[in-house]
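# any chance you could fold what I've pasted below:
(one chain, ligands or ions: 1)
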Amino acid sequence: MTKLAARVASVAGSRTSGARNKARLLSAQGRNVVNFAAGELASLPPTGVLAATSEALSHATNRYTDTAGIPALRDAIAARMSVETGTLVDSDRIVVTNGAKYGLYLTVLAVVEQGDEVLVPAPYWGSLVSQVLLAGGRPVAVDTTENDFRLTRELLERHATDRTKAILVNTPNNPTGAVYPAEDLREIADWAAERDVWLVSDECYSSLVHPPARHVSLLSVAPHVQERLVTVNSFSKSFAVTGWRIGYVHAAPAVVDAMKKMQSHTTSHASSVVQHGLVSAAAGAEDAFRADVLVTLARSRSLVADRLGRIPHLRFRFPDGAFYFFVDCRDALGRSHQGRRITDADVLADMLLEHAAVAVVPGSAFGLDGFFRLSYAIDEKDILLGLDRLEGFFADVR
Ligand code: GLU
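Down below sits the predicted model:
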């Protein structure tokens with residue numbers, strides 16, 4: 001066969017998408033799988049968002065929009081960010097994209113050149129690394145396990161070289177649920193400024209932080225790095241619209257122009273209907289929904305923590321944000337379940353699916369073996385069923 005471009009072989013398909021698809025396929029085939037793998041809320045979007053979106057369908061939203069998004073949505077995002085960060089955000093610095101994933105990709109394409117190194121705190125959401133590879137860059141994983149899953153200046157120093165071009169920060173973190181405090185972010189921002197590197201902040205789970213922890217945006221603590229900072233966020237997780245593919249980016253004018261140029265040649269813009277449907281939510285009309293989601297998630301988090309804590313061979317760090325537990329299963333590795341050896345977390349995830357009908361994402365999908373990710377954003381009855389199954393499985397591990 002005529003050869004494919006080399007870049008295709010530089011990455012594998014997204015394993016978070018893959019795990020989700022696999023669990024769904026098994027359910028469609030009639031298996032009653034508890035899906036702890038999908039990174040999304042189980043609920044419907046707020047009724048106000050559904051109403052605004054269907055209303056948008058009946059108006060003249062059938063035509064192209066501006067490349068960077070409709071002015072009403074960019075204005076609402078900028079106003080909201082200004083309040084949340086205490087920094088005046090200009091809507092000209094906002095680009096609405098087809099999901100935060102595409103916003104991140106455009107960012108990487110805008111700042112990473114062939115051979116450039118990008119520091120990525122591990123464990124990481126796999127697409128961050130794959131996007132750097134697709135852009136011809138070299139992702140450099142910085143293991144944060146020793147520091148409660150957060151980057152430090154010292155860790156950055158240890159991994160930086162003359163080729164370092166950017167740092168990717170993700171708070172609240174997927175998959176660990178770690179939330180960076182202001183001091184850490186300031187330190188990272190100062191380091192980025194000293195080293196003259198780009199700082200990309202993925203804040204997709206910003207609305208999903210459990211008090212007393214609170215989300216701190218890099219822009220709010222380090223406005224002095226604003227020209228080298230790219231902030232990426234999403235509507236997906238906060239308003240349960242993962243399938244609608246809509247996110248946004250805030251960046252300096254040169255980055256915004258670069259992104260607009262590339263977006264104009266690739267997707268043109270995000271879906272017009274969805275953009276219209278989210279204007280009021282972006283302006284704050286659905287904050288009660290976000291608060292309700294957080295209450296439900298807090299209850300689920302306690303439920304999972306309580307039961308997981310009693311399962312042998314598993315340990316975890318209590319997550320402050322997002323909706324994941326990143327479970328340390330290193331103690332189970334090397335042991336056996338019904339005569340089969342658990343060699344690594346990939347094998348464990350396969351065995352959990354096969355013997356317990358429970359889907360989780362193995363840590364290797366996030367660059368770290370010996371762990372698996374469990375989402376608690378599913379219905380309480382599924383959580384309970386899944387935990388019963390996990391308990392049953394691990395009772396048989398010796
Ligand atoms: N962020 C979600 C997750 O980590 C969705 C990811 C995806 O589609 O890759 O599961």
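# strands of the stretch 1-150 of the chain, start to end?
In the stretch 1-150 of the chain, the segments counted as strands under DSSP state E, counting those that start in this stretch are 34-35, 94-97, 117-122, 138-143.
# do the stretch 201-350 of the chain as well
229-234, 247-250, 324-328, 336-337, 340-341.
# ok, the nearest residue in space to Asn62 that is not next to it in sequence - contacts?
Nearest residue to Asn62 in three dimensions, chain neighbours excluded: Ser272, at 7.3 Å (CB to CB, 6 or more residues apart in numbering). Quick note: C-beta positions are derived from backbone N, CA and C, even for glycine. Applying CB atoms under 8 Å, 6 or more residues apart in numbering, we find Ser272 in contact with Ala56, Thr61, Asn62, Arg63, Tyr64, Thr65, Ile70.
# residues from this protein in reach of the ligand?
Ser14, Thr16, Ser17, Gly39, Trp125, Ser127, Asn174 (CB under 6 Å from any ligand atom).
# most neighbours, which of the residues you listed?
Asn174 (27 neighbours; other CB atoms under 10 Å).
# against Arg341, how distant is the closest residue to that residue other than its chain neighbours?
Closest residue in space to Asn174, ignoring its immediate chain neighbours: Trp125 at 4.8 Å, by CB to CB, 6+ apart. The gap separating Trp125 from Arg341 is 29 Å, by CB to CB, to the nearest Å.
# then Ala252?
The gap separating Ala252 from Arg341 is 52 Å, by CB to CB.
# which of the contacts of Ser272 count as buried?
Applying 16 or more other CB atoms under 10 Å to the contacts of Ser272, the neighbour count classes Ala56, Thr61, Thr65, Ile70 as buried.
# now for the residues you listed: which two are most distant?
Largest separation among the buried ones among the contacts of Ser272 by CB to CB: Ala56 and Thr65, giving 11.3 Å.
# circling back to that earlier point, the residue nearest to Asn62 and the ligand, how far apart?
Noted for Ser272: a distance of 23 Å to the ligand, by CB to the nearest ligand atom, to the nearest Å.
# likewise for Val347?
Taking CB to the nearest ligand atom, one finds Val347 at 21 Å from the ligand.
# again with Leu348
For Leu348, the distance to the ligand - CB to the nearest ligand atom - is 18 Å.
# ok, that residue touching Cys329?
Yes - the pair formed by Leu348 and Cys329 meets the contact definition of CB atoms under 8 Å, at 5.9 Å.
# which parts of stretch 85-103 are buried?
85, 87, 89, 91, 93-103.
# now, those that are in helices?
Judged by DSSP state H, the buried residues of stretch 85-103 include Thr85, Gly99, Ala100, Lys101, Tyr102, Gly103 as members of helices.
# go through those and name the one nearest the ligand.
The nearest member of those to the ligand, counting by CB to the nearest ligand atom, is Lys101 at 6.6 Å.
# name the nearest residue to that closest one, sequence neighbours excluded.
Ser127 (5.9 Å).
# contacting residues for that neighbour?
Ser14, Thr16, Lys101, Leu104.
# hmm, which of those residues is lowest in pLDDT?
Lowest in pLDDT among the contacts of Ser127 is Thr16, which has 89.
# wait, it touches Gly39, no?
Yes - Thr16 is in contact with Gly39 according to CB under 8 Å; the separation is 5.9 Å.
# beta partners for Leu229?
Leu229 forms beta bridges with Leu199, as assigned by DSSP bridges.
# tell me how many other residues crowd it.
So Leu229, with other CB under 10 Å, has 24 neighbours.
# isn't it right next to Ser220, touching?
No - counting by CB under 8 Å, Leu229 stays clear of Ser220, with 10.9 Å between them.
# skip the chain neighbours and tell me the closest residue to His59.
His276 (7.3 Å).
# same deal with Arg299?
According to CB to CB, 6+ apart, the nearest residue to Arg299 is Glu380 (7.4 Å).
# does Asn174 sit in a helix, a strand or a coil?
coil (DSSP: H, G, I helix; E, B strand; the rest coil).
# list the contacts of it.
Applying CB under 8 Å, 6+ apart, the residues near Asn174 are Gly39, Trp125, Cys204, Tyr205, Ala322, Tyr324.
# these in helices, which ones?
Using DSSP H, none of those sit in helices.
# determine which two of those are furthest apart.
Cys204 and Tyr324 (12.3 Å).
# tell me the confidence at the residue of the chain found nearest the ligand?
Going by CB to the nearest ligand atom, the ligand is nearest to Gly39 of the chain, at 2.3 Å. On the pLDDT scale, Gly39 is placed at 93.
# now swap in Glu227 and tell me
Reported pLDDT for Glu227: 98.
# burial of the spatially closest residue to it that is not a sequence neighbour, as a residue count?
Nearest residue to Glu227 in three dimensions, chain neighbours excluded: Ala252, at 4.6 Å (CB to CB, 6+ apart). Neighbourhood size, Ala252 [other CB under 10 Å]: 15.
# then the one 4 residues further on?
As a burial measure, Val256 scores 21 neighbours (other CB under 10 Å).
# same check on Ala6?
8.
# from Ala141, how far off is it?
Ala6 is 22 Å from Ala141, by CB to CB.
# correct me, but Leu133 touches Val8?
No - the criterion here is CB under 8 Å, and Leu133 misses it with Val8 at 10.5 Å.
# before we move on, the earlier item: just put the strands of the stretch 201-350 of the chain in a markdown table and tack on distance to Gly370.
Formatted as a markdown table, the strands of the stretch 201-350 of the chain follow (distance: least, CB to CB, whole Å):
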| stretch | distance to Gly370 |
| --- | --- |
| strand 229-234 | 28 |
| strand 247-250 | 31 |
| strand 324-328 | 7 |
| strand 336-337 | 16 |
| strand 340-341 | 15 |
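# out of these, which comes closest to Asp306?
Asp306 lies closest, by CB to CB, to one member of the strands of the stretch 201-350 of the chain: strand 324-328, at 11.8 Å.
# what sits up against the closest one?
So strand 324-328 is contacted by 39, 123, 149, 174-177, 304-305, 308, 314-317, 319, 360, 363, 366, 370-376 (CB under 8 Å, 6+ apart).
# try 6 Å this time
For strand 324-328, the surrounding residues in contact (CB atoms under 6 Å, 6 or more residues apart in numbering) are Pro175, Thr176, Gly177, Leu314, Arg315, Phe316, Pro319, Phe371, Phe372, Arg373, Leu374, Ser375.
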